[in-house]
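Colleague: need a 3D model of the sequence below.
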Amino acid sequence: QLVEQTNKVSSEANNLAVALKGNPQKRGNWGEVILESILQTSGLSKDREYFIQQSLKNDEGSNIRPDVQVVLPDNRIIIIDSKVSLIAYDKYVATDNYEIQKEFLKEHINSTKTHIDQLSLKKYDDIASTLDFTIMFIPIEPAYLIAIQNDSELWSYAYKKRILLVSPTNLIACLKLISDLWVRDRQNKNAQDIVK
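Modeller: Next up, the predicted model:
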């Protein structure tokens, strides 16, 4: 199922990439659609274990609206934010010239770092009920891999800013673990009810 889901997500990503190059709003919406598609197949239930675009109050009392909030059995929250960086990656893939590819790859990595910085400034991890990190979802597996493979410090750069970089494959695995936590939590509660 993991392989099938990953292949499906990657296929959708590649098919839509061309249409999304020009409009940042469309790119953002598309990333959120891919994220929701993965959530729907994760075993978690919408509006029970995960919430999309639901407002939260930060420690300063301001309303914030992250892409997704995933609730854990102890009522802690993991924030997931989708960030799509396509333009430089697409140019990198479209050329065969090694020197030009190096420039576009550098641009792609810098774009990813900019997204990390912007997400870090939102300080989702400072909210009392959230975990100490925010998940940054990159919906295009190859774009994620090429950035990580060519900048060995990228993952730790993000982690130091309390951001976890994840691709579709990583996210599916994380959500399956969370789904299993919920199954075990319900089983434990049922066992306690039977004992009572």
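
Colleague: for this protein, what spans make up the helices?
Modeller: With helices called from DSSP state H, the chain shows them at 2-20, 24-40, 87-94, 98-121, 141-150, 154-160, 168-195.

Colleague: these: which one's closest to Thr134?
Modeller: Taking CB to CB as the criterion, Thr134 comes closest to helix 98-121 out of those, the separation being 6.1 Å. In this view, the C-beta of every residue, glycine as well, is placed from N, C-alpha and C.

Colleague: now do the contacts for the closest residue to Ile135 other than its chain neighbours.
Modeller: Setting aside the residues directly before and after it, Ile135 is nearest to Ile80 in space (CB to CB, 6 or more residues apart in numbering), at 4.4 Å. The contact partners of Ile80, taken as CB atoms under 8 Å, 6 or more residues apart in numbering, are 35, 66-70, 134-135, 137, 171.

Colleague: so for Asp74, which of the helices of the chain sits nearest?
Modeller: Where these are weighed against each other on CB to CB, the nearest is helix 168-195, at 8.7 Å.

Colleague: re the thing from before, looking at the helices of the chain, which one has the lowest mean pLDDT?
Modeller: Among the helices of the chain, helix 2-20 carries the lowest mean pLDDT, a mean of 68.

Colleague: how many neighbouring residues does Ala158 have?
Modeller: Burial of Ala158 is recorded as 23 neighbouring residues (other CB atoms under 10 Å).

Colleague: nearest spatial neighbour of Ser82, skipping sequence neighbours?
Modeller: Of all residues beyond its chain neighbours, the one nearest Ser82 is Gly31 (3.6 Å), with distances taken as CB to CB, 6+ apart.

Colleague: what's the neighbour count on the one you found?
Modeller: Neighbours of Gly31 (other CB under 10 Å): 23.

Colleague: one more: Leu154?
Modeller: Leu154: 18 surrounding residues under other CB under 10 Å.

Colleague: same question for Ser45.
Modeller: Per other CB under 10 Å, the neighbour tally for Ser45 reads 12.

Colleague: need the pLDDT of it.
Modeller: Looking at Ser45, its pLDDT stands at 91.

Colleague: and the residue positioned nearest the centre of the chain, what does it touch?
Modeller: For the chain, the residue sitting closest to the mean C-alpha position, by CA atoms, centre = their mean, is Phe137 at 1.9 Å. For Phe137, the residues meeting the contact criterion (CB under 8 Å, 6+ apart) are 31, 35, 67, 80-83, 166-168, 171.
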